[in-house]
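K.L.:
Please work out how this folds:
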Amino acid sequence: VANEGGKHWTVNEVRALIRIWSDKNIQQQLEGTVRNKRIFEQVAARLQKFGIDRDWKQCRTKYKNLKHEYKSVKTAQDSGSTSKSMKFFNELDAILGHCTMEQTSKSDNDESERPPEWTEAKSEKDSVG
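P.N.:
Below you'll find the model as predicted:
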């Protein structure tokens, strides 16, 4: 079922979602974890303040769909194609453009992998002493 989230997202709802997603704090939380229900509950609560009634699952689904669409447009553009585009590409590029493609293309379901910088940063702190 393509439209698992019930009613379609309006342009304003998507804009609000992207505005929340562009919050550095939210981005860092999303980059650092795969089990992200709690983060999307925060996102849904913040949407509620804009008068937008979406649950965390709808937010997560929309986030994943936007991210997937962005990646496919970006890949097409990188290979020289200008035929692919999407409505919120520039906003998403501002958020996702700083990630390298290899970082973002890792499976969203791979829970075992931690970014290498985490372990390195830890061991550096330990050895400073």
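
K.L.:
So what's the residue count around Y70?
P.N.:
For Y70, the count of nearby residues is 20 (other Cβ atoms under 10 Å). For glycine as for every other residue, the C-beta is placed from the backbone atoms N, C-alpha and C.

K.L.:
Quick check: it touching N90?
P.N.:
No. Between Y70 and N90 there is no contact under Cβ atoms under 8 Å: 10.3 Å.

K.L.:
Residue ranges in this protein under the pLDDT threshold?
P.N.:
Under the criterion pLDDT under 70, the flagged ranges of the chain are 1-6, 99-129.

K.L.:
Show me where it has its strands.
P.N.:
For the chain, applying DSSP state E gives no strands.

K.L.:
Would you map the helices across this protein?
P.N.:
Ranges of helices in the chain, per DSSP state H, are 11-21, 24-31, 37-49, 56-78, 89-96, 101-105, 116-128.

K.L.:
Could you check how far the fifth one is from the centre of its chain?
P.N.:
What separates the centre of helix 89-96 from the centre of its chain is 10 Å, taken as Cα atoms, centre = their mean, to the nearest Å.

K.L.:
That one packs against which elements?
P.N.:
Packing partners of helix 89-96 (3 or more Cβ pairs under 8 Å, 6 or more residues apart in numbering; DSSP states H and E): helix 11-21, helix 56-78.

K.L.:
Of all the ones you listed, which one comes closest to I39?
P.N.:
Minimum separation from I39 across those (Cβ to Cβ) falls at helix 56-78, 8.4 Å.

K.L.:
buried set for the closest one?
P.N.:
For helix 56-78, the neighbour count (16 or more other Cβ atoms under 10 Å) marks 56, 58-63, 66-67, 69-71, 73-74 as buried.

K.L.:
could you check the angle helix 24-31 makes with that helix?
P.N.:
Interaxial angle, helix 56-78 versus helix 24-31 (axes from the mean of the first three to the mean of the last three Cα atoms, to 10 degrees): 90 degrees.
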